[in-house]
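> Please find the sequence and the predicted model below.
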Amino acid sequence: MGFTSNRHSLYGNSNCIYLLIAYYLFHAVHVLPVCVAQSTDEQALLAFKAAISGDPGGVLAAWKPTNGSMNVKNNVCHWTCVSCLSRQHPDRVTALQLMSSNLTGVISPSLANLSFLRTLNLSGNRLSGSIPSELGLLRRLQVISLGRNYLTGEIPASLANCARLTHLELPLNGLHGEIPANFRYCQELQVFNVSVNSLSGGIPPQFGLLSKLEYLGLHRSNLTGGIPPSLGNLSSLLAFDASENYNLGGSIPDVLGRLTKLNFLRLAFAGLEGTIPASLFNISSLRALDLGNNNVSGVLPPDIGITLPRIQFLSLYNCQLKGHIPSSIGNATGLRVIQLQSNTLQGIIPPDIGKLKDIEVLNLQFNQLEDKWDKDWPLIAALGNCSRLFALSLSNNKFQGVLPPSLVNLTTGLQQILMNANRISGTIPLEIGKLSSLRIIALADNALSGTIPSTISGLHSIIGLDVSGNNISGEIPPTLVANLTQLAFLDLSENNLQGSIPENFGTMKNIAILDLSYNQFRGMIPKQVFNLTSLTLFLNLSHNIFSGPIPSEVGRLTSLGVLDLSNNMLSGEVPQTLSQCQALEYLFLQGNQLFGRIPQSFNSLKGLQCLDMSQNNLSGSIPDFLATLQYLRFLNLSYNQFDGPVPTRGVFNDSRDFSVAGNKVCGGVSELQLPRCPGTDHSIQRLHKSRTVLIVAITIGSFLALVLITCAFVMYFQKHVKQQLIQSNETSPIPMLMEQHWKLSYAELYRATDGFSAANLVGVGSFGSVYRGTLYEEQEVAIKVLNLMQHGAERSFLAECEALRHIRHRNLVKVITACSTIDHSGHDFKALVYEFMPNRDLDKWLHPITGEDVRSPHANHG
């Protein structure tokens, strides 16, 4: 028994040993792949970090090698912005979400080794380079969000290999090339957004096979080729935005009316033609319809308010609409924005529009709408029910009658009243002063009479007042400008206003445009007017009875673009200080009693394009420097007392560009047929020529002798000087090349401003907009982009380049460089780049939906 017992005991111990070995082997088999997998994910993320050149927020600071450590706290799943959410593989990375982290650098292809990755969100950074095609290896990937970066290159066709992809969001980059058609294989795709890129080609017709697609964002992507009718098969589509593809072309397919789930349809500025399909007005789910500014035509269906019961945003401006505004529109009670301006709509505005209690914007200007009333205006009474109305635009129609006192019944939240160019008569009602939220009043080109009501001075929020082109008389109420300190635009021109300009005009510290022309103002121009340094666009005091000299304070208007003091009774000399108005492009001083010479200091007005000093008593010779003003295109010096020769260069080279009639001048181009200047006889010229030859010969001989003497010294010192220059450049903190301007492309400026986004808009100037941006070197800059559609903007750009190249002052912002090229659409583009000086909800409807809005289970979708 003892032997047997020992034998069984030994056998039992052996079993324990075998089981223990099997236990360790079993766990080794399972632990080893986990360690290897973690190591692979770690290496991929560290390689991604290595490709990041800038991390100002320190988001990736905690990403450090674990060196095989099993410590849970060191696990990659605990790294910032990294998630491991797989139930079967809890230690594998499934999401990388580094949105809006201000990262710079490139996207490393190593991310393709994160084989369990489902969500990749790098939107809202400053990443550059191309999208790695290797991302197409990630078969589990569902969300790719890389919007609002500086990415370039083409959209990799390999991304279509991500068969589970639901969200592909690449907006606000610099991508080019065509949209790959093979995305049709991504049958799970719900969101496809490539808006604001520089793509080419058309919308792939194969996209009509994406049955689960909910959002198709193609806004401002430079696409052509029309809208494929196959998109009418996208039965799940909620939003389609192809707006601002200016050359998209073609017609609007009637089959889009099949999209019964569609909420948002934006096709504005797309170069579309033909008739607006009636089927669009039968999509009862529509909340926003924007077809504005296309070459289409049509009528508003009589039952539009019934067939579009959910519509909130209706924009069909400049669409050649005809007919009437249907009264059924009052049934669409959710309407908040109506934009039907610039069409040929006729008839009256139906009073049923007063049923739209949520209406915020009603823009019907530039139509042929009409209404005539004696006392009360039914439309005003109807709109009294619209408690959310803040913008009412009825300009350039055929409305007749007086503005009724019932105007006060409009909501106190009203901010804008535009009724220019109608046939409105009577006086401006005193009650207008009770609309305390008003910011813009435009009643120009009507038949208004009476005086400017003093109650307007109670509108403390007003920034724009235009009552020009009426029959308003009396004086400017002193309280008008004293209280309206926010005014940026004031136009009282073409009326019968009298008296003097109140001295308290100097309180308008935000005024940019001031026009008092064509009135009967008299007296001296108060110097306070010229203390308004905010005047940057336009100052017009012409066609009045102002007298006395031009105040020297005029030189304080250093940013003014247009100054018109013509046709008054101004006297004295032209002030030298006018030359300090470096931004001047147009200067009109004609029809006064000015005398003396044209100031020599005017040669600093490098951007001057038009100068009219005719019909004065100016004298002396015509200054030669006028011929050197590069952008001067029109010059009128006629009917003064000038004498002497007329230059023949610059603006004087073409007789159609200038006038010197009524002076005692000579010479000039032959077309003027002016008498020869004294001393220009050929014999005298020959005598002068021979003397000149003799003088030149003596001078050259002396010069050659001097050169021979100097050469010896030059050869001796050359070696020493060259050596000193090399040593100087080696030790200087600013190499010579830094004195040259940077060369920046449109794409770089585009990326620096996030696609010139509204979020980076600093302000709007006389000929363009200023954006805040960041270059690769993390230098913040201010980028002034010129609106080349504005007359004179291109010359303004050239003039400003020239002027700022010569100006150096501690109080002026340094110009880094200029960019003159074409944008992604092939349009001319000009901008100036300055050092940035840091101390110096309609949009929701225009951009109704983003990737975030379409059921995204993941992160912020740019």
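Yes, it's here.
> any idea how far the closest residue to residue 653 other than its chain neighbours is from residue 661?
Counting by CB to CB, 6 or more residues apart in numbering, residue 653 lies nearest to residue 669, which is 6.6 Å off, once chain neighbours are set aside. Heads up, the C-betas are built off the backbone N, CA and C, glycines and all. Distance, residue 669 to residue 661, using CB to CB, to the nearest Å: 14 Å.
> more crowded one of the two?
residue 669 (16 against 13; other CB atoms under 10 Å).
> Pull the contacting residues for the more buried one.
With contact taken as CB atoms under 8 Å, 6 or more residues apart in numbering, residue 669 is in contact with 646, 648, 652, 653, 654, 655.
> which of these are buried?
646, 652 (16 or more other CB atoms under 10 Å).
> which residues in the stretch 501-650 of the chain form strands?
Along the stretch 501-650 of the chain, counting by DSSP state E, counting those that start in this stretch, strands occupy 513-515, 520-524, 538-540, 545-549, 562-564, 569-573, 586-588, 593-596, 610-612, 617-621, 634-636, 641-646.
> Just send those back as TSV, with mean pLDDT and distance to residue 431 too.
Formatted as TSV, the strands of the stretch 501-650 of the chain follow (pLDDT from 0 to 100; distance: least, CB to CB, whole Å):
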stretch	mean pLDDT	distance to residue 431
strand 513-515	94	26
strand 520-524	94	28
strand 538-540	94	30
strand 545-549	96	34
strand 562-564	96	35
strand 569-573	96	39
strand 586-588	97	39
strand 593-596	96	45
strand 610-612	96	43
strand 617-621	96	50
strand 634-636	96	46
strand 641-646	95	55
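> got JSON lines for those strands, with distance to residue 226 too?
Compiled in JSON lines, the strands of the stretch 501-650 of the chain are given as follows (distance: least, CB to CB, whole Å):
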{"stretch": "strand 513-515", "distance to residue 226": "42"}
{"stretch": "strand 520-524", "distance to residue 226": "57"}
{"stretch": "strand 538-540", "distance to residue 226": "43"}
{"stretch": "strand 545-549", "distance to residue 226": "59"}
{"stretch": "strand 562-564", "distance to residue 226": "43"}
{"stretch": "strand 569-573", "distance to residue 226": "60"}
{"stretch": "strand 586-588", "distance to residue 226": "44"}
{"stretch": "strand 593-596", "distance to residue 226": "61"}
{"stretch": "strand 610-612", "distance to residue 226": "44"}
{"stretch": "strand 617-621", "distance to residue 226": "61"}
{"stretch": "strand 634-636", "distance to residue 226": "45"}
{"stretch": "strand 641-646", "distance to residue 226": "58"}
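> Would you map the helices across the stretch 401-550 of the chain?
If DSSP state H, counting those that start in this stretch is used as the criterion, the helices of the stretch 401-550 of the chain fall at 478-483.
> Which one of the contacts of residue 669 is nearest to residue 196?
residue 654 (43.8 Å; CB to CB).
> Now do the spatially closest residue to that closest one that is not a sequence neighbour, the pLDDT please.
Spatial nearest neighbour of residue 654, excluding adjacent residues (CB to CB, 6+ apart): residue 669 at 7.5 Å. Here, the pLDDT recorded for residue 669 equals 92.
> Just the closest of the contacts of residue 669 to residue 67, please.
residue 653 (78.1 Å).
> how near is the closest one to residue 356?
For residue 653 relative to residue 356 (CB to CB), the value is 61 Å.
> dump the residue contacts of the residue nearest to residue 525 when sequence neighbours are not counted.
Counting by CB to CB, 6+ apart, residue 525 lies nearest to residue 546, which is 5.3 Å off, once chain neighbours are set aside. By CB under 8 Å, 6+ apart, residue 546 lies in contact with 521, 522, 523, 524, 525, 565, 568, 569, 570.
> what separates residue 546 from residue 342, distance-wise?
Computed as CB to CB, the residue 546 to residue 342 distance reads 38 Å.
> Report the separation between the nearest residue to residue 327 once chain neighbours are set aside and residue 334.
Nearest residue to residue 327 in three dimensions, chain neighbours excluded: residue 350, at 4.0 Å (CB to CB, 6+ apart). From residue 350 across to residue 334, the span is 17 Å (CB to CB).
> Which of these two has more residues huddled nearby?
Comparing residue 350 with residue 334 by neighbour count (other CB under 10 Å), the higher total belongs to residue 350, at 18 against 15.
> Only the buried subset of the contacts of residue 546, as a PyMOL command please.
Buried residues among these (16+ other CB under 10 Å), as a PyMOL selection:
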select buried, resi 521+525+565+568+570
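> now the contacts of residue 546 as a markdown table including distance to residue 204?
Converted to a markdown table, those look like this (distance: CB to CB, whole Å):
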| residue | distance to residue 204 |
| --- | --- |
| 521 | 64 |
| 522 | 70 |
| 523 | 70 |
| 524 | 70 |
| 525 | 64 |
| 565 | 61 |
| 568 | 65 |
| 569 | 70 |
| 570 | 67 |
